[in-house]
Structure formats: structure tokens, C-alpha cells
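Participant: what's the 3D shape of this:
(chains A and B)
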2 protein chains.
Amino acid sequence: MNPKDMSRKELCKDLARLQRAIRSKGIPVLVILEGWENAGKGRMIQELIRDMDPRSFKVQVFDTPTDEEKRKPFLWRFWNRFPKRGDFAFFDRSYYQIFMETHLLKKGLKQDNLKDIYDLEQSLTQDGMLILKFFLVVGKEELIKRHNEVAFNPATAFRITQRDLDQIGHYDAFASLFKQLLKNTTFDFAPWHIVETSDEKKAAVDILRIVHSSLTAALEAEPVPAPAREEIDVPDLLSNIDLSLSIEREEYDRRIDDLQEQAKDLAYILYTRKIPTILVFEGWDAAGKGGAIKRLTREMDPRGYEVVPIAAPTPIEHQYHYLWRFFVHLPKTGHMTIFDRSWYGRLMVERVEGFARPDEWERAYEEINEFEEHLNNWGAIVLKFFIHIDSDTQLERFESREENEDKQYKITDEDWRNREKWSEYEEAINEMLWRTDMSRSPWIIVEGNQKEYARIKVLETFIEAVKKRLKEEDS
Amino acid sequence: MNPKDMSRKELCKDLARLQRAIRSKGIPVLVILEGWENAGKGRMIQELIRDMDPRSFKVQVFDTPTDEEKRKPFLWRFWNRFPKRGDFAFFDRSYYQIFMETHLLKKGLKQDNLKDIYDLEQSLTQDGMLILKFFLVVGKEELIKRHNEVAFNPATAFRITQRDLDQIGHYDAFASLFKQLLKNTTFDFAPWHIVETSDEKKAAVDILRIVHSSLTAALEAEPVPAPAREEIDVPDLLSNIDLSLSIEREEYDRRIDDLQEQAKDLAYILYTRKIPTILVFEGWDAAGKGGAIKRLTREMDPRGYEVVPIAAPTPIEHQYHYLWRFFVHLPKTGHMTIFDRSWYGRLMVERVEGFARPDEWERAYEEINEFEEHLNNWGAIVLKFFIHIDSDTQLERFESREENEDKQYKITDEDWRNREKWSEYEEAINEMLWRTDMSRSPWIIVEGNQKEYARIKVLETFIEAVKKRLKEEDS
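Facilitator: Predicted coordinates for the structure are as follows:
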């Protein structure tokens, strides 16, 4: 039956059927409701869910961010509430609020944020999410009428906010701001549907029809064949690393305490200035990531940093975009998160072992650059350490681990298997280092054959980068 | 080597070894640091972690609760941060803060909270957690000296809080409050260690030694054989349910809209009065839980409730106490969480299928009663619906599901297997209904052979319970 010929009631009922199909096909569906205050976002959501199974949808209301949310990157609270595969999320307000604030009437839209949101929705839809965006509009007179109904009823008057008053007071200016917003954020993969809601029943039917046909289309869509990967020239960065670098044990002992003391003091300054820091540690198995992290944090106040070890994604994590689990762990301002392995798994183990499809990991170079850009725009220091060792050194360390009872837990069959793919990993690592080295979130390749050298280099690099940043802030 | 003969440095190093053993044995370790302000909690934690692997401990700082945390049950933010099996959590301040507030100097400790905490620590230790509690004390003069060092240094003066000032201003009164606290919350399974910190180095060694020997003891401990289960007389509640109850379709149609409208209005009143609501739905497979939930919530504002379907615990959830995953989902004040299956799985499927050991599910009756009491003390309405059907009705519904293409997804092999254990489930359900029916969180047995009857009864019960509660509040 064509949705055009269906009544509101029939549409509602049929949505329940589509919901089950969406569930079994594992498509995550995000429905965004935006628009004028009192335009009926809540009521439209209620129409949509009337016959849906409440076990696989969630309604998420976004108001002014809480204090905790204000200390996270702007997109954090939305990432936390995206639907998992097969589920629906209805967003009552969304990240588009950042374009709808009163102070923008004069300044216009922020380009940074436009790019963040384009990147976000592109990345989510490429990952299979269906995004439906509705912008609810009402004429000025109707808006005033609705406002008065709420404001002059003692039972509801408390719901009036400054936002309501602003929109009524500056209706035309807001109308033009919204027009600009809609024009700039209608993407092929996630267009806006503008719905007039002065007749609420009609508006509900309009929205139900659009949702109905979008779901049907998504269910019938054939998977788009991935574009062939373009081979690019990647320099052999790893071969140019001088792995003979080392320092005397005596020098190490002389310098380490002082460097740790400096790192501690700088971490404290970052804390007082509310600058967030994100450190990534990658490297071959047995490269010494854990030891380097331990030496770096040794004197720091443990209340200010967190070390997050990353293993293979759990079944739940697989239900989301692969960046989801990292977003959730981001520090708040003034704090530091140290990732022991990270989102770069996508470009190494997932690529080499085939856990991600070629089009998925190919896409990830750009996604990761965008993700880190978002962190930089938020104000974060981002440093990425790759600890490099050669194959002989790895073998030596594996063997010594097997001999040492205290360290046996560190070595697994998987480590031996990965070792056999050394050259494939080399290729992947070279490409990763080459394509994701950004000026504001650089890779630091650490010569790791001698552990003491590596530990000192990590400390020195951290200290230098933080000092540089503090100097920039002061000037 | 005896920890008494070990130096601070040796103790630190050896803790790293013990940490690995704890990890491989899967023991969760909670270390609580409490005491006077400026008594050195942070510094003591830093001593403890000096040589530990940062990948398997977390330091959790608890200050004044955030706005979100204030809208959750008192213990919620602590449950969120307990260590998983094999990990350490260091709590810098803890739930004991509730006994240390200035306004208690006059009123003394609250008995409700004492019981909550006794229950909590007992339940966690029975689940295998090692809880180490340190209370740091300093004399009045030393406290004033330390306070002045912080207060008169411009770089640190901002850290002085009202709490510091209160403790100095009322030193003796606080000393007596703390004495009362320590006396009341030293339990066999989780005693306090009182540590004098005027000499910080000595204090650190004291704490390191206690941690060292406690970990060693925990690693060497033999599992205590569970006490034999005492058989108790349980009435056959299910047999007394009149499953022939039904209503005419016509009556159903006439009444359902009005009841849904009432339920909606009451949910809105709960929202405005900030009363949290927790509904539990249990019942046989195909009893009609999903349908009853859908009818109950149909007209409610979806921004005010959330339906949480509970499946078997994931590997991550298994790493925690079984109540952990439910705590995380509790609503905030004014909101409603509807659990479609719940913590009662412990007493049904986990008991019957042997997923929990007999001593584990035997303990759970009391744990669950305590958990719900905590919810009641917080102010929550708690209603638990058990939808009962007979075996023939289940068979009919299974068969009709298999025939109906739209409903096939609802029926699995597991459903058929569970059916074979009908009488074992009956026994478990009778005992559950009998032993966990509390006046403030009652079981409502719903006659479910006719779906219409069940749906009306759920709606009516909800309406009545909410009205009763509102009346109590008003009087």
C-alpha cells in the first residue's frame, strides 16, 4: 500500500512492522526533531512512536548542557545517545541547537561547527545509519498564540524559557537564521524535511509518511559497491628510523626524576587552566607502551589522568560506529586520557586481519583526521606516540617474556601470529603514519629498541608540546 | 618476605606483583580513603599506585554531587565507579561523606544510611570484592598548619572549601562525629584502618603494609563453603490465581482510552513533583509483557519514561556485581524506568538453569529486598508485575507465533527449552513472589490468559498506586 493513501492510524500501525524489519536488518535510525520553540516537537514524536515497540527506541531530550557536558567536546553528549544497530533514537533537539542560539543573530553560523556536523552525519550514514531530520515551522501569529496558551496557564507557565521569549521577540531575525541553517546543512545523505505544524494532525501525517517511505527505501536499498581503493604512494617511514639510538643507563638515572617532576608540574598547570589532553600510544607488540606510560605518569596526580587500555571491541561496542567507544572515554577539560592502543586499530589490526572491510578502513583515514580535528577545535592537546622496534628486538622480548614467570601473562599465541604478518603491518603502519599526521595532532615516532631511550623521548616530547601550548596561550 | 621488614620502595614494587596476581584471580579491589580534609588522601593514593600498572586501576574522586547525580539514588554515582573483577579502584572520598556533613554535628548519623552501607559492603564482599577502608586523621594543630599552608599560598588558596573551614572551626565536634562513624561502620568483612598522617612517610608505609598483607591474604584465602540452603515453606501462590478472569472486548474498548489518558496525566504529575518511578515486568515467555507495557505507556510523554529490555548479561556486565547493570539504568527524579525483565532473573532463569550458584541466588532474596528498600528510601515508587499464564495458553501462543510471519521473530528454540522446565520455574517463581513481596515494593500478580484483562489490570494498578502515593504526599 502506498503511504500516500494511508491514514494516520494505518501509518502508525505499519511503522511497527517496519520497526521489526529495521531491527532484523540491524539499521540504526536517528530521527531529529528541530524547529521553533512550541512548534510541536514532543507531540510529533509521540505520534511517531504510538504503535512502536518501546523496547527498541529511545527518546532523547537535549536541553542546555549540564556542567559535566560543558566540560566535554561539543558532540560528546550526542555520541553518548546515538542508537545502536537496529534501534531508533528520537532526538528532541540536537546538535543543531548550536546554530540556533540568540547570540548568533548577529554573528551568523560558525564554520567550524558546520564542518563538524557535515563530517559527523557523513560518517554515521556511511556506517549504515539512517538519519531523518525534521524542522518544524509555524507562522509568527500561531507561535504567539501557542506561547500565550502555555504562559497564561498556571500549570504550564514554568515551562517558558528565555529561548521562547527571544524567538518571539526577534521572529524575523530567527527566521532568517534558520533559513541559513537549513540551506547549509541539507546534505544528500541527510536532507532536512521542513514541516509546517499549524495544523498538527496534518503535520503528523506528513511526518509519518516521510518516515514510512524513508524506512521502506532503506530496507530495500541494495548495498552500494565500494569504490575501488586508489593506491597512493606512501614513503617507507619506518625504514628511516634510527633504531640504534640509545642512552647510557647512568644518564637515564640522572635525568628521569627531573623529567617526571616537570611532567607532573605541567599536568597540574593544564589542570588549573582547564586544558584537556589526549595521548595515544601505539606500537608493535612488546614495544614497551605500558612501560613508557608508567614512566610518564609516575609523579602525576592520579586524580587528573586516566589510562584506558583498548582491546578488541565487545559485542555491544560492535553495535555502534567504531569511534563511539572512544568518544565515551574522552576526558573533561583539565584532565588527561591516555589511550593504550586506540582508534588506530582500525588502520592496523582491523585492516591487516580483515576485521574491517577495505572501504571501511579506507574511509577511516579521513574520519580519524576529522575526529581529531574536533578534539583540537575543542581545545585539546593531542599527541600520538608510535613506539617502533625491529623484528629481532621483538623476538628477544617475546622469548624473555616466556622465560620469566612474572611476565608470561604478557605473551599470547596471538602475539606470535601477529608477528608472522610483520611486513603487512609495516605497510599499514607506514600508511597510517603518513596519512594521519596532522599539525595539531602529530605522530611522534619513538625509537624503541632501547627502552630507556624511548621513555626519555616520550617524556621530553610531552614536556615540550605542553610548554609550547602554554606559551601560545600566553601570547 | 614479611611486609613488616620491607621498605617503602620494596612495598611499592611488590604491590605491582600482587596487582598482577589479583588481576589473574579476578578479584575486584576497592580502596577507600577518607578522613579529615588535608589529611593527605591524594598523597597516600599516589604512594599506593607508584609502581602499579595504570591499565588496571582507576582513581575516583568524589566531590559534591553534580546536578545529575543529585537526581539519582544516593549510591548511584558510587555503583557507577566500582572496580570490575581484577581491577582496583581508589576512592578519594566515598559514600561515607554522607556521614561527615556539617549539619550532622547536631543531628548525628542517619540510621537509614547506615543500613544502606552495611548492606552494600556486605553484598559486594560476598560477591568477592576486597574492600579496604582507610581513615586518615591528624591532630588539630597539624590540621591548622596544613590549612594555612594551602590558604596563604596564592597558587593553592582556591582549593580551600567550606568543608575545610568547618572542620577547623568545630574540630572537637567533628572528631566525635567521626568516632561515631568509625564505630558504626567497622564490619568484620570491611573494617576501618585508622592512620595518623602527621608523619606522611610513616603513614604511607603503614598503609602500604596493610594493603600488602590484605592482598596477600585475599590471594591465599580458600573459598568458604556455602552454608547449606535451608528449605522453607513456600505457599503455591501461582495455583491460586484465577486464570479464567477476562473482560468483554467491548468493555475493553470502552475503558482503555480513558485509563491511558489517566496514566498519562499521573505520569505528568509525577514528573512535576520529581517522584521517580520504577516498574518491573516479569512473566512467562509469551505472557504478554511487551503488549502490556505498550498499552501502559501509549499516551505518556516519551520524554519522561524509558523501557529497558533485559537480556542475559554481556561479558562486560559479568565483570561486575549482578545488580550493577540495573543501578546504571535507574531513572532520575521525576522520570520512569520500565524494566522488561529485571534483576529477578537471578531468582528465575539463573536459578533454574544453574547460571548462578545456589549460595548466590539464595543470597539474592535479601540483596534484592535491600536494593529495593534503597530505592524506596530515595522516594521511588516501585511496582513489580508478574504476568501469569498457564502452560496451555503458552503453547497456543507459541504455535500461533510460529504460524504468523510477522511474529516469528518472537519465538526461539530457547523458548521451547524453557517450557520443558515449567514445574521448576513454578517453584522458583513461587519462592520469588513469596520472599520479595515488600509493602513498599509489592508484587502484582496479573492474570494473563486473556491479554485484554491483563492490560487493564496493569493500567488500573499503576493508576491506583500513583494516586495513593500522591495522596500520602498531600496529607
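
Participant: From chain B, how far out is the nearest residue to A:Gly108 once chain neighbours are set aside?
Facilitator: Counting by C-beta to C-beta, 6 or more residues apart in numbering or on different chains, A:Gln180 is the residue found nearest to A:Gly108 once chain neighbours are left out, at 7.0 Å. Heads up, the C-betas are built off the backbone N, CA and C, glycines and all. A:Gln180 sits 29 Å away from chain B, going by C-beta to the nearest C-beta, to the nearest Å.

Participant: Check which helix or strand A:Gln180 maps to.
Facilitator: Secondary structure here is read from DSSP states H and E; on that basis A:Gln180 sits in helix A:171-184.

Participant: Please compute how far that helix lies from its chain's middle.
Facilitator: Averaging C-alpha coordinates over helix A:171-184 and over its chain gives two centres that are 27 Å apart (C-alpha atoms, centre = their mean, to the nearest Å).

Participant: what does stretch A:263-283 give?
Facilitator: Averaged C-alpha coordinates place stretch A:263-283 at 20 Å from its chain's average position (C-alpha atoms, centre = their mean).

Participant: The stretch 201-350 of chain A: strands as residue ranges?
Facilitator: Ranges of strands in the stretch 201-350 of chain A, per DSSP state E, counting those that start in this stretch, are A:277-283, A:305-309, A:336-340.

Participant: and among the ones you listed, the most buried is which?
Facilitator: Comparing those on average neighbours per residue, with mean count of other C-beta atoms under 10 Å in any protein chain shown, the densest one is strand A:277-283 at a mean of 24.

Participant: Contact residues of the stretch 251-400 of chain A facing chain B?
Facilitator: In this structure, the stretch 251-400 of chain A approaches chain B at residues A:290, A:293-294, A:297-298, A:301-303, A:306-307, A:309, A:314-316, A:338, A:340, judged by C-beta under 8 Å from any C-beta of the partner chain.

Participant: ok, so of the residues you listed, who is nearest A:Arg397?
Facilitator: Among those, A:Gly290 lies closest to A:Arg397 (C-beta to C-beta), at 12.1 Å.

Participant: thinking the closest one is in contact with A:Ile338, fair?
Facilitator: No - using C-beta atoms under 8 Å, A:Gly290 makes no contact with A:Ile338, being 10.7 Å away.

Participant: number of nearby residues for A:Asp253?
Facilitator: For A:Asp253, the tally of surrounding residues (other C-beta atoms under 10 Å in any protein chain shown) stands at 10.

Participant: From B:Ser7, how far out is it?
Facilitator: As defined by C-beta to C-beta, to the nearest Å, A:Asp253 lies at a distance of 19 Å from B:Ser7.

Participant: quick one, what contacts the closest residue in space to A:Leu243 that isn't next to it in sequence?
Facilitator: If the residues on either side of it in the chain are set aside, A:Leu243 comes closest to A:Asn449, at 4.5 Å by C-beta to C-beta, 6+ apart. With contacts taken as C-beta atoms under 8 Å, 6 or more residues apart in numbering or on different chains, A:Asn449 has the following neighbours: A:Leu243, A:Ser244, A:Leu245, A:Ser246, A:Ile389, A:Asp390, A:Thr393.

Participant: List the contacts of the closest residue to the fourth one other than its chain neighbours.
Facilitator: What that stands for is A:Ser246. On the basis of C-beta to C-beta, 6+ apart, the spatially nearest residue to A:Ser246 that is not a chain neighbour turns out to be A:Gln450, at 3.9 Å. A:Gln450 makes contacts with A:Leu245, A:Ser246, A:Ile247, as judged by C-beta under 8 Å, 6+ apart.

Participant: What of A:Glu424?
Facilitator: Contact partners of A:Glu424, counting by C-beta under 8 Å, 6+ apart, are A:Val352.

Participant: quick one: least confident helix or strand in chain A?
Facilitator: The least trusted helix or strand in chain A, going by mean pLDDT, DSSP states H and E, turns out to be helix A:104-107, with a mean of 83.

Participant: wait, doesn't A:Val150 sit right on A:Leu165?
Facilitator: No - applying C-beta under 8 Å, one finds A:Val150 not in contact with A:Leu165, separated by 11.6 Å.

Participant: and the residue nearest to A:Gly108, what pLDDT?
Facilitator: Among the per-residue scores, A:Gln180 shows a pLDDT of 92.

Participant: Wait, it touches A:Lys107, no?
Facilitator: No - counting by C-beta under 8 Å, A:Gln180 does not reach A:Lys107; the two are 11.5 Å apart.

Participant: quick one: which of these two has more around it?
Facilitator: Applying other C-beta under 10 Å to A:Gln180 and A:Lys107 shows that A:Gln180 carries more neighbours, namely 14 against 9.

Participant: Report the outermost residue of chain A with respect to its centre.
Facilitator: In chain A, A:Glu250 marks the outermost C-alpha relative to the chain mean, sitting 43.7 Å out by C-alpha atoms, centre = their mean.

Participant: how far away is that residue from chain B?
Facilitator: Spatial separation of A:Glu250 from chain B under the definition C-beta to the nearest C-beta is 20 Å.

Participant: now the helices for the stretch 101-250 of chain A?
Facilitator: If you assign secondary structure with DSSP state H, counting those that start in this stretch, the helices in the stretch 101-250 of chain A sit at A:104-107, A:111-126, A:140-151, A:162-169, A:171-184, A:200-220, A:249-272.

Participant: Out of the ones you listed, flag the one nearest B:Asp53.
Facilitator: Evaluated over these, closeness to B:Asp53 peaks at helix A:249-272, with 16.9 Å, by C-beta to C-beta.

Participant: packing partners for that closest one?
Facilitator: Contact here means 3 or more C-beta pairs under 8 Å, 6 or more residues apart in numbering or on different chains; DSSP states H and E; on that basis helix A:249-272 packs against helix A:289-297, helix A:451-474.

Participant: Run a quick check on A:Phe178 versus A:Gln97, I expect a contact.
Facilitator: No - with contacts counted by C-beta under 8 Å, A:Phe178 stays clear of A:Gln97, the gap being 11.9 Å.

Participant: Tell me who's in contact with A:Gly169.
Facilitator: Listed by C-beta under 8 Å, 6+ apart, the contact set of A:Gly169 is empty.

Participant: The spatially most central residue of chain A: what's its closest spatial neighbour, skipping adjacent residues?
Facilitator: For chain A, the residue nearest the mean C-alpha position is A:Phe327 (4.7 Å; C-alpha atoms, centre = their mean). Ranked by C-beta to C-beta, 6+ apart and with sequence neighbours excluded, the top spatial neighbour of A:Phe327 is A:Trp79, at 4.1 Å.

Participant: and that neighbour, how many neighbours does it have?
Facilitator: Burial of A:Trp79 is recorded as 21 neighbouring residues (other C-beta under 10 Å).

Participant: tell me the pLDDT at it?
Facilitator: The model reports A:Trp79 with a pLDDT of 95.
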